[in-house]
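K.L.:
any chance you could fold what I've pasted below:
(2 chains)
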Number of protein chains: 2
Amino acid sequence: MAKDVRVYYPASIRAALEGLTTLPGLGPRSAERMVQHLLSMDTELVIRLADSLRGLVSRVRPCAVCGFYAEIEEAEAVEAKCVFCADARRDSALVCVVEQPQDVVRIESTGAFAGLFHVLGGRISPLDGVGPEDLRIAPLLARIRAGGIGELIFALGGDLEGETTAHYLVDCVSRLGLEHTPKLTRIAQGVPVGSGLEFADAASIQRALGSRTLFED
Amino acid sequence: MAKDVRVYYPASIRAALEGLTTLPGLGPRSAERMVQHLLSMDTELVIRLADSLRGLVSRVRPCAVCGFYAEIEEAEAVEAKCVFCADARRDSALVCVVEQPQDVVRIESTGAFAGLFHVLGGRISPLDGVGPEDLRIAPLLARIRAGGIGELIFALGGDLEGETTAHYLVDCVSRLGLEHTPKLTRIAQGVPVGSGLEFADAASIQRALGSRTLFED
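P.N.:
Numbering: from 1, shown residues only, chains lettered A, B, ... in the order given. A predicted model of the protein is given here:
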């Protein structure tokens, strides 16, 4: 029945319901509520949202180098480069490997990194049907083979899948048999900054103890 | 920090993030995930979604009579009528009062009702700051005063707010002091059809007992 009820809506609402339910996490009922909300909103805002979705798919491409988001002119057919890869002032000898584009902006927002990125597009997770061939690993190895990378920083998730992916990549890099293999590092794991131990999980505390450092003067 | 990270995205992504976070239940992080999903989707589907949102706000208006959704031609400025109010074959002496437009399609899909509707647009709920003046009560009373309605069926929620709203409306109607007051009825409450008593709540069972009916031959 939940499927049938749509026929009683006007055509424009049916079209919107159909479009909205292609989005993740939006079932038929939440799409109905969403439509009701959109109709109660300022028309101008909804038009702007619609235009922004058009702009998104017509002007955003994955960066041809690192896989982060790049903006192109609509008619352009050239290979897109993101702001980081296009910026000659950044340290191209330092490449930070992340899972998702969101990780790039989170690292960049710290202001603590001035190198380049490489977005894998996920992590190896057999349970989710994601294998190495589904990730941007070949382009990463090509970048390394092309030379000029002094250090590769793995900033992957601290969970099992992130660990598996990091180890797989380390394997791949060593099997390249390069004369100058980049230094391979990983971001530190431990207890969160600015929070008490009572909020840290046991695994993080264990890791923090194992990776303890000397007080510096 | 969650606010700052957006500046590192290309303009088209920032615009989409801004548009998406005007939607209910979409925070900054879920908007980021939504953008990622949209970029992984078939471009044609996203364009269609964008167009459907435009169509929604430009072609859907509340029905001037009952408040359900009505579809208009884009340039049209006339008062919109929904398919039900525009259908002369429906029984205009029978009006079913509901809270939301969604309730209309659910009742209609049963095929058990051939009258007209009246959508209040909510229910009286002081805790949510919704008073009688926020609902389409005046248009309902105007319809009753205009005559021709033989029965008013209240199909409101079975919760406290629905009950309150129904009683408020019954009061309003009786205070109209009409010569021919419509019959005021409500949909039956009881245990759900096709389900065992073990799934029914105590209040529904109590109501079902109190409203028990004779077996018909």
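
K.L.:
go ahead and confirm residue A:116 touches residue A:85.
P.N.:
Yes - between residue A:116 and residue A:85 there is a contact at 6.2 Å, judged by CB atoms under 8 Å. From N, CA and C alone the C-beta is placed, and that goes for glycine too.

K.L.:
joint contacts of the two?
P.N.:
Common contacts of residue A:116 and residue A:85, defined by CB atoms under 8 Å, 6 or more residues apart in numbering or on different chains, comprise A:65, A:66.

K.L.:
looking at the two, which has the bigger crowd around it?
P.N.:
Counted by other CB atoms under 10 Å in any protein chain shown, residue A:116 and residue A:85 do not tie: residue A:116 has more neighbours, with 23 against 20.

K.L.:
near chain B at all, the longest strand along chain A?
P.N.:
The longest strand of chain A (DSSP state E) is strand A:91-98. No - Strand A:91-98 lies apart from chain B when judged by CB under 8 Å from any CB of the partner chain; the minimum separation is 12.8 Å.

K.L.:
same for the next helix or strand after that strand, what does it pack against?
P.N.:
Counting by DSSP states H and E, the next helix or strand C-terminal to strand A:91-98 is helix A:101-108. Helices and strands touching helix A:101-108, as assessed by 3 or more CB pairs under 8 Å, 6 or more residues apart in numbering or on different chains; DSSP states H and E, comprise strand A:91-98, strand A:115-119, helix B:28-40.

K.L.:
quick one: helix A:101-108 to strand A:91-98, angle?
P.N.:
Angle of helix A:101-108 versus strand A:91-98, following axes from the mean of the first three to the mean of the last three CA atoms, to 10 degrees, is 130 degrees.

K.L.:
what comes up buried for the lowest-mean-pLDDT helix or strand in chain A?
P.N.:
In chain A, no helix or strand scores lower on mean pLDDT, DSSP states H and E than helix A:202-210, which sits at a mean of 84. Neighbour counts over helix A:202-210 (16 or more other CB atoms under 10 Å in any protein chain shown) mark A:204, A:207, A:208 as buried.

K.L.:
stretch A:29-40 too?
P.N.:
For stretch A:29-40, a neighbour-count test (16+ other CB under 10 Å) marks A:31, A:32, A:34, A:35, A:36, A:38, A:39 as buried.

K.L.:
give me the subset of these touching chain B.
P.N.:
Among the buried residues of stretch A:29-40, the residues lying close to chain B (CB under 8 Å from any CB) are A:32, A:34, A:35, A:36, A:38, A:39.

K.L.:
and which of those is nearest residue A:20?
P.N.:
Distance to residue A:20 across those (CB to CB) is lowest for residue A:34, with 5.5 Å.

K.L.:
any idea how far the closest one lies from residue B:28?
P.N.:
Residue A:34 sits 18 Å away from residue B:28, going by CB to CB, to the nearest Å.

K.L.:
neighbours of residue A:174, how many?
P.N.:
The number of residues packed around residue A:174, counting by other CB under 10 Å, is 11.

K.L.:
just the mean pLDDT for the helix or strand hosting it, thanks.
P.N.:
Per DSSP H and E, residue A:174 falls inside helix A:160-175. Averaged across helix A:160-175, pLDDT comes to 94.

K.L.:
and what of stretch A:97-109?
P.N.:
Stretch A:97-109 shows a mean pLDDT of 92 in the predicted model.

K.L.:
gap between that stretch and the chain center?
P.N.:
The chain centre lies 6 Å from the centre of stretch A:97-109; the measure is CA atoms, centre = their mean, to the nearest Å.

K.L.:
who's in contact with that stretch?
P.N.:
Residues outside stretch A:97-109 that contact it (CB under 8 Å, 6+ apart): A:67-69, A:84, A:96, A:113, A:117-123, A:140, A:152-157, A:162, A:165, A:169, B:1, B:4-6, B:8-9, B:29, B:32-33, B:36.

K.L.:
how about 6 Å then?
P.N.:
The set of residues external to stretch A:97-109 that reach it, using CB atoms under 6 Å, 6 or more residues apart in numbering or on different chains, is A:68-69, A:113, A:117-120, A:123, A:154-156, B:4-5, B:8, B:32.

K.L.:
among those, which ones are buried?
P.N.:
Those of the contacts of stretch A:97-109 that meet the buried threshold are A:68-69, A:113, A:117-120, A:123, A:154-156, B:5, B:8, B:32, by 16+ other CB under 10 Å.

K.L.:
contact residues of chain A facing chain B?
P.N.:
Neighbours of chain B within chain A, by CB under 6 Å from any CB of the partner chain: A:4-5, A:8, A:10, A:12-13, A:15-16, A:19, A:22, A:24, A:32, A:37-38, A:43, A:45-46, A:48-50, A:52-57, A:59-60, A:69, A:71, A:102, A:105-106, A:108-109.

K.L.:
show the buried residues in these.
P.N.:
Applying 16+ other CB under 10 Å to these, the neighbour count classes A:5, A:8, A:10, A:12-13, A:15-16, A:19, A:22, A:32, A:38, A:46, A:48-50, A:52-57, A:59-60, A:69, A:71, A:102, A:105-106, A:108-109 as buried.

K.L.:
ok, residue A:192 to residue A:163 distance?
P.N.:
As judged by CB to CB, residue A:192 and residue A:163 stand 19 Å apart.

K.L.:
of the two, give the one with the bigger neighbour count.
P.N.:
residue A:163 (16 against 11).

K.L.:
chain neighbours aside, what residue packs nearest to the more buried one?
P.N.:
Excluding its sequence neighbours, the residue lying closest to residue A:163 (CB to CB, 6 or more residues apart in numbering or on different chains) is residue A:156, at 7.6 Å.

K.L.:
so that neighbour sits in a strand?
P.N.:
No - counting by DSSP: H, G, I helix; E, B strand; the rest coil, residue A:156 is not found in a strand; it is coil.

K.L.:
pretty sure it is in contact with residue A:162, am I right?
P.N.:
Yes - with contact defined as CB atoms under 6 Å, residue A:156 counts as touching residue A:162 (3.9 Å).

K.L.:
and the angle for the helix holding residue A:174 with strand A:91-98?
P.N.:
If you take the same axes, to 10 degrees, helix A:160-175 sits at 140 degrees to strand A:91-98.

K.L.:
in helix A:160-175, what's buried?
P.N.:
Within helix A:160-175, the residues scored as buried using 16+ other CB under 10 Å are A:161, A:162, A:163, A:164, A:165, A:166, A:168, A:169, A:173.

K.L.:
which residues touch the fifth one?
P.N.:
The neighbours of residue A:165, taking CB under 6 Å, 6+ apart as the test, are A:123, A:124, A:156.

K.L.:
residue B:90: which of the residues you listed is nearest?
P.N.:
In terms of CB to CB, no member of the contacts of residue A:165 lies closer to residue B:90 than residue A:123, at 57.3 Å.
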